[in-house]
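S.K.: Got a predicted model here, sequence first, then my questions.
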Amino acid sequence: MAKQYVMVIQASKCIGCQACTVACKFQNEVPEGQYRTKSPAIGPTGTYPNVKLYFEKEACQMCKNAPCVGVCPTKASYYNEDGVVLVDANKCIGCKYCMTACPYDARFLNEETGAADKCSFCYEHRVSQGEKPACVSTCVGGALVFGDVNDPNSEVKKLLDKHKAEVRKPEFGTHPNVYYIYEGVK
Amino acid sequence: MDITWGASASHELAWGGIIAIYLFLAGVAGGAFLTSALTELFSKNRQLKVIRAGAYIAPVAILIGLAMLVVDLGKPLSFWKLILYVNFHSVMSIGTFIISIFTALAVVYAYLVWMAAAAEKKIQITVAGQEMAAAKATGIQSWRKPVAVIGSLFALGTATYTGFLLSAVTTNGLWHVSFLGIEGIPFLPILFLVSAISAGLAATLIGAVDCSDLTAYKKADIILLAIEIILLAVLYTSVKAAFFSGGMATLFWLGVVVVGLLLPLVLAIYGVTKHKNLVLPVCGMVVVGGLCLRYFVVYSGQLFR
């Protein structure tokens, strides 16, 4: 069975340390002021004693039905054999059509290459070598879990079976491969 | 901007003013070509000034528009990859070929019109040049009508494409809105086609302003403006109110509606019967309104999606 890489994010375990933000900058040499992933604070909401605050990791949602792939005029945005949405910076002309299509604002125009850029699940440098994405490896609270959801023994599969997971903006029918478990924070 | 604790970093809109102007110029080019070609093909008294103005405006407008499009790319020098790598699922990829063919036909058509004009000694060039032009003109001019016909089809394609480019973005509430809620009929291509013909016609009439009788064109203009007002009313009731709010409210109500549609419509109706000298202000406002409409749709769709 083909692989289907997914990321599961447990918001209750995230302490907002931003190690993922920094690790991504290390691994992917993202230009200053630009981010493949960010984890902004959501909140605080409510009033004492019921005040809540959590962090939401934002990045490419690796949609199974990705709007960015459909609109790309040069096929620079594509799905690889493991269901990961990637950008071929060489084919990309920087038309930004994909950026208008992405409902998650996950893409940006890399200031140095002029090509569209975004989270790649660290596919080329880490995942294809059998490692986890940089943000997952560095995550202090263990909030980020990565793996093949088609493997019944994988941690992601077990987490998704056990907990109620959500995807962002399901109304667009994009079917993301990044899942959020908000138990304990919402 | 504090990405750690505050709201996520606000980032710039992907498409800005350059794309709005490009969509506008592509529309003007298509509309001007149609005005010229349809006059050439179907008008009994063939107003030469209208034919010439439209034929010259089309290639100039589309070439400036394409230059702006290339400049707006993240990698301007790689624009040729649009032709090398094709994605038939992408409206932009298909549009590349429609616009390229239209641009080529618009240049050829303008050249043929210019040659005929030169042959009629309307353009001051050397005697030898005139003779050469006259000799060449007889044979090559037989291409003019076929180029006008095929060019008209691609002019329609270009004007409509500017709408399809945006309406294909399914995740955008303004751009992807369907016509009267009918699934499968996108709204923007219809609006942009009507606006393109209207703005292209207006630009052509500005170029042919000293023409003796433009009554037929002014009447066409009135009909187009009326259709556009109806279409905008349909749009207003089809999408959420937020798209017409904030900074976009002034642009829409003042730029698109008042300057672009209501004032020219009132002046045009008044002018057809009484004054002949209202062509410049009416057409000028229609052109400005067409530009405002592209700005409004491009920005509002991204700001409030």
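M.R.: Received the coordinates, thanks. All values derive from a computational prediction rather than experimental measurement.
S.K.: CA only for contacts and neighbour counts going forward, please
M.R.: Noted.
S.K.: what's the single longest helix in chain B?
M.R.: Longest helix of chain B, by residue count under DSSP state H: helix B:91-119.
S.K.: Report the buried residues of that one.
M.R.: B:91-103, B:105-119 (16 or more other Cα atoms under 10 Å in any protein chain shown).
S.K.: which residues touch stretch A:121-140?
M.R.: By Cα atoms under 8 Å, 6 or more residues apart in numbering or on different chains, the residues outside stretch A:121-140 that reach it are A:14, A:17, A:19-21, A:23-24, A:27-28, A:84, A:142, A:144-147.
S.K.: Show me which of those residues are buried.
M.R.: So, by 16+ other Cα under 10 Å, the buried ones in the contacts of stretch A:121-140 are A:14, A:19-21, A:23-24, A:28, A:84, A:144-147.
S.K.: Tell me the residues of chain A that contact chain B?
M.R.: When proximity is defined by Cα under 8 Å from any Cα of the partner chain, chain A lies next to chain B at A:16, A:18, A:38-42, A:67, A:70-75, A:91, A:93-97, A:99-103, A:109, A:113-115, A:172.
S.K.: Report the buried members of these.
M.R.: A:16, A:18, A:38-41, A:67, A:70-75, A:91, A:93-97, A:99-103, A:109, A:113-115.
S.K.: What pairs with the lowest-mean-pLDDT helix or strand in chain A, parallel or antiparallel?
M.R.: Within chain A, no helix or strand scores below strand A:41-45, which has a mean of 89 by mean pLDDT, DSSP states H and E. In the sheet containing strand A:41-45, its partner strands are strand A:52-55 (antiparallel), by DSSP bridges.
S.K.: Tell me which stretches of chain B form helices.
M.R.: Counting by DSSP H, the helices of chain B are B:17-42, B:48-72, B:81-84, B:91-119, B:127-140, B:144-167, B:188-207, B:215-238, B:247-250, B:263-273, B:279-303.
S.K.: Chain A now?
M.R.: Using DSSP H, helices in chain A cover A:19-28, A:67-71, A:97-101, A:134-138, A:155-162.
S.K.: Export only the CA atoms of the third one, formatted as CSV.
M.R.: This means helix A:97-101. Extracted in CSV, the C-alpha atoms of helix A:97-101 (Å, rounded to 0.1, in the frame of the first residue of the first chain):
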residue,chain,number,x,y,z
TYR,A,97,-1.5,31.8,-8.6
CYS,A,98,-1.0,29.1,-6.0
MET,A,99,-0.7,31.8,-3.2
THR,A,100,-4.1,33.2,-4.2
ALA,A,101,-5.6,29.6,-4.2
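S.K.: Show me what it is packed against.
M.R.: Helix A:97-101 sits against helix A:67-71, with contacts defined as 3 or more Cα pairs under 8 Å, 6 or more residues apart in numbering or on different chains; DSSP states H and E.
S.K.: tell me how far the helix it packs on is from the chain's mean position?
M.R.: Distance, stretch centre to chain centre, for helix A:67-71: 17 Å (Cα atoms, centre = their mean, to the nearest Å).
S.K.: Packing partners of it?
M.R.: strand A:77-79, helix A:97-101.
S.K.: which residues touch it?
M.R.: A:75, A:77-79, A:85, A:97-99, A:101-102, A:174, B:89-92, B:168-171.
S.K.: now do 10 Å
M.R.: Outside helix A:67-71, the residues that touch it by Cα atoms under 10 Å, 6 or more residues apart in numbering or on different chains are A:63, A:75-79, A:85-87, A:96-103, A:107, A:172-174, B:87-93, B:165, B:168-171.
S.K.: Tell me the pLDDT of the closest residue to A:T37 other than its chain neighbours.
M.R.: Once flanking residues are discounted, A:T37 sits nearest to A:A59: 4.6 Å by Cα to Cα, 6 or more residues apart in numbering or on different chains. In this model, A:A59 is scored at 96, pLDDT.
S.K.: Around A:A59, how many other residues sit close by?
M.R.: 20 (other Cα atoms under 10 Å in any protein chain shown).
S.K.: Surely it is in contact with A:Y104?
M.R.: Yes: counting by Cα atoms under 10 Å, A:Y104 is a contact partner of A:A59 at 7.8 Å.
S.K.: Pull out the buried positions in stretch A:122-130.
M.R.: For stretch A:122-130, the neighbour count (16+ other Cα under 10 Å) marks A:122-123, A:125, A:127 as buried.
S.K.: what about it, start to end distance?
M.R.: 11 Å (Cα to Cα, to the nearest Å).
S.K.: cool, and stretch A:139-150?
M.R.: 23 Å.
S.K.: how much space between the residue of the stretch 151-300 of chain B found nearest chain A and B:V70?
M.R.: Nearest residue of the stretch 151-300 of chain B to chain A, counting by Cα to the nearest Cα: B:V169, 5.4 Å away. B:V169 sits 21 Å away from B:V70, going by Cα to Cα.
S.K.: Compare these two (neighbour count), which wins?
M.R.: Legend: neighbour count by other Cα under 10 Å for B:V169 and B:V70, higher for B:V169 (24 against 19).
S.K.: so who does the more buried one touch?
M.R.: Contacts of B:V169 (Cα under 10 Å, 6+ apart): A:67-68, A:70-71, A:97-98, A:100-103, B:91, B:175-177.
S.K.: With B:S152 instead?
M.R.: Contact analysis of B:S152 by Cα under 10 Å, 6+ apart lists B:30-31, B:33-38, B:102, B:105-106, B:146, B:158.
S.K.: Closest one to B:G290 out of those, please.
M.R.: B:G31 (11.5 Å; Cα to Cα).
S.K.: Who's the closest spatial neighbour of the closest residue to chain A within the stretch 201-305 of chain B, skipping the chain neighbours?
M.R.: Nearest residue of the stretch 201-305 of chain B to chain A (Cα to the nearest Cα) works out as B:Q302 at 7.2 Å. Nearest residue to B:Q302, sequence neighbours excluded (Cα to Cα, 6+ apart): B:L13, at 6.7 Å.
S.K.: Count the residues that sit near that neighbour.
M.R.: For B:L13, the count of nearby residues is 15 (other Cα under 10 Å).
S.K.: So it sits against B:L303, correct?
M.R.: Yes: using Cα under 10 Å, B:L13 is in contact with B:L303, at 7.7 Å.
S.K.: Lowest mean pLDDT among the helices and strands of chain B, which one is it?
M.R.: Ranked by mean pLDDT, DSSP H and E, the helix or strand of chain B with the weakest confidence is helix B:127-140, at a mean of 62.
S.K.: contacting residues around whichever residue of chain B sits closest to chain A?
M.R.: Minimum separation of chain B from chain A (Cα to the nearest Cα) falls at B:G74, amounting to 4.0 Å. Counting by Cα under 10 Å, 6+ apart, B:G74 makes contact with A:92-96, A:109-116.
S.K.: Switch those residues over to JSON lines; also include pLDDT.
M.R.: Shown next, in JSON lines, are the contacts of B:G74 (pLDDT from 0 to 100):
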{"residue": "A:C92", "pLDDT": "97"}
{"residue": "A:I93", "pLDDT": "97"}
{"residue": "A:G94", "pLDDT": "97"}
{"residue": "A:C95", "pLDDT": "97"}
{"residue": "A:K96", "pLDDT": "97"}
{"residue": "A:L109", "pLDDT": "96"}
{"residue": "A:N110", "pLDDT": "96"}
{"residue": "A:E111", "pLDDT": "95"}
{"residue": "A:E112", "pLDDT": "95"}
{"residue": "A:T113", "pLDDT": "96"}
{"residue": "A:G114", "pLDDT": "96"}
{"residue": "A:A115", "pLDDT": "97"}
{"residue": "A:A116", "pLDDT": "97"}
